[in-house]
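S.K.: my questions are about this predicted structure, shown below with the sequence.
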Amino acid sequence: MAETDTLPLKTGTSLTLDDTQHDRIGEVAAGLLESVTTTLDSAAWLTAARAASARLPCELRTALRRFRYDAGTDGMLLVRNLPVGAAVPPTPTHPDSVERTPTTAAAAVTIAMLHLGEVIAFRNEKGGALVQNVVPVPGRERQQSNAGSVRLEMHSENAFHPNRPDYVGLLCVRDDPTGDARLCTASVRRALPLLSEATRQVLSEERFITEPPPSFGGPGGVTPNHALLRGAPEDPDLLVDFAATHPLDERAAAAMVELGDALSASTVAHPLRAGDLAVVDNRLAVHGRTAFTPRYDGTDRWLHRVYVALDYRRTRPDRGTGGSVLS
């Protein structure tokens with residue numbers, strides 16, 4: 001991937017909320033916090049959040065609905081100026097950090113993401129919490145996970161899982177004080193024209209496997225053999241994790257290198273600020289992060305991460321008793 005200082009800075013498809021819209025979302029979030037006293041992971045919370053999501057400003061609901069219909073060339077939507085709360089506590093530093101108690105920021109990201117589908121989580125990842133913290137953790141600096149601070153390789157979220165999320169929402173609760181940490185995204189729609197026909201063919205064949213990420217608690221089963229480009233040849237979905245996907249033969253390895261180069265050529269970097277919500281279409285775009293140096297003093301970069309499934313019924317076999325957490 002390109003170096004940090006050479007990555008273009010773009011917003012792609014974006015919506016900047018005005019102060020009136022910001023305040024309205026804050027009021028909806030506050031009403032949700034007052035009406036439900038259970039944890040963020042309860043069915044009662046999600047039921048109330050679905051109802052509250054209908055009261056979001058029309059402009060936000062419209063932008064999310066349009067993105068759901070077509071994620072565009074870049075496969076990412078950036079919504080600016082969401083409320084995150086007046087008094088944000090110090091950035092957590094402990095492993096597997098999650099949000100269990102409702103907050104303004106957790107409510108805002110949940111009710112926004114519910115316009116794209118149903119919020120889900122994975123039992124083996126951070127205990128199945130629906131709102132997870134992306135923060136640097138001491139001792140995990142070099143880990144290819146949300147706890148690391150080295151460059152995070154471009155990846156489809158949970159690429160190994162048959163019911164991986166369709167959308168990933170990342171709400172910035174606190175900026176990176178160094179300014180170095182940037183969300184990076186790259187879309188298959190921009191990369192595809194840069195690939196040769198022979199490479200497209202190889203990438204469309206089941207010549208790759210993918211391992212689970214460290215955030216799932218260590219080694220586990222790999223995927224069955226799979227293709228990296230799936231679906232319509234002229235507008236395929238992308239499924240790859242450059243830290244965990246492995247080619248099974250030399251031609252597949254060469255094709256994966258060409259894919260990586262094409263994605264690097266079309267990668268854009270987004271320096272998220274507090275209140276920015278980046279929504280990534282996990283079928284069309286991969287994402288990663290530039291390297292940064294954590295301080296571990298309570299001021300480090302802090303994101304809330306929320307997953308969404310577009311077809312909730314499809315995930316039912318993995319949801320056990322029918323809740324929102326997948327096995």
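M.R.: Nice, thanks for sending it over. Numbering: from 1, shown residues only.
S.K.: low-confidence ranges in the chain?
M.R.: 1-12, 214-215, 217-221 (pLDDT under 70).
S.K.: can you give me the helices for it?
M.R.: Remark: helices assigned in the chain by DSSP state H are 19-35, 43-53, 58-69, 104-113, 188-191, 197-203, 250-265.
S.K.: would you mind saying which of those helices lies nearest Arg140?
M.R.: Closest approach to Arg140 among those (CB to CB): helix 104-113, 23.1 Å. Where you see a C-beta, it was placed from the backbone N, CA and C, and this is true even at glycine.
S.K.: name the stretch among the helices of the chain that sits most buried.
M.R.: Among these, helix 104-113 has the highest mean neighbour count (mean count of other CB atoms under 10 Å), at a mean of 26.
S.K.: ok, the spatially most central residue of the chain to Arg66 distance?
M.R.: Nearest residue to the geometric centre of the chain (CA atoms, centre = their mean): Val168, 3.0 Å. When distance is defined by CB to CB, to the nearest Å, Val168 is 18 Å away from Arg66.
S.K.: spit out the contact partners of the residue nearest to the centre of the chain.
M.R.: Glu157, Val279, Val280, Asn282, His287, Arg305, Val306, Tyr307, Val308 (CB atoms under 8 Å, 6 or more residues apart in numbering).
S.K.: could you redo the last one with a cut-off of 6 Å?
M.R.: Neighbour list for Val168: Glu157, Val280, Asn282 [criterion: CB atoms under 6 Å, 6 or more residues apart in numbering].
S.K.: show me the beta-bridge partners of it.
M.R.: Beta-bridge partners for Val168, by DSSP bridges, are Val280, Tyr307.
S.K.: against Leu152, how distant is it?
M.R.: Val168 is 13 Å from Leu152, where distance means CB to CB.
S.K.: again, but for Ala278
M.R.: 14 Å.
S.K.: over to Ala269?
M.R.: For Ala269 relative to Leu152 (CB to CB), the value is 12 Å.
S.K.: quick check: Ala54 vs Arg68, distance?
M.R.: Distance from Ala54 to Arg68, counting by CB to CB: 15 Å.
S.K.: sorry, that was for Pro89
M.R.: 32 Å.
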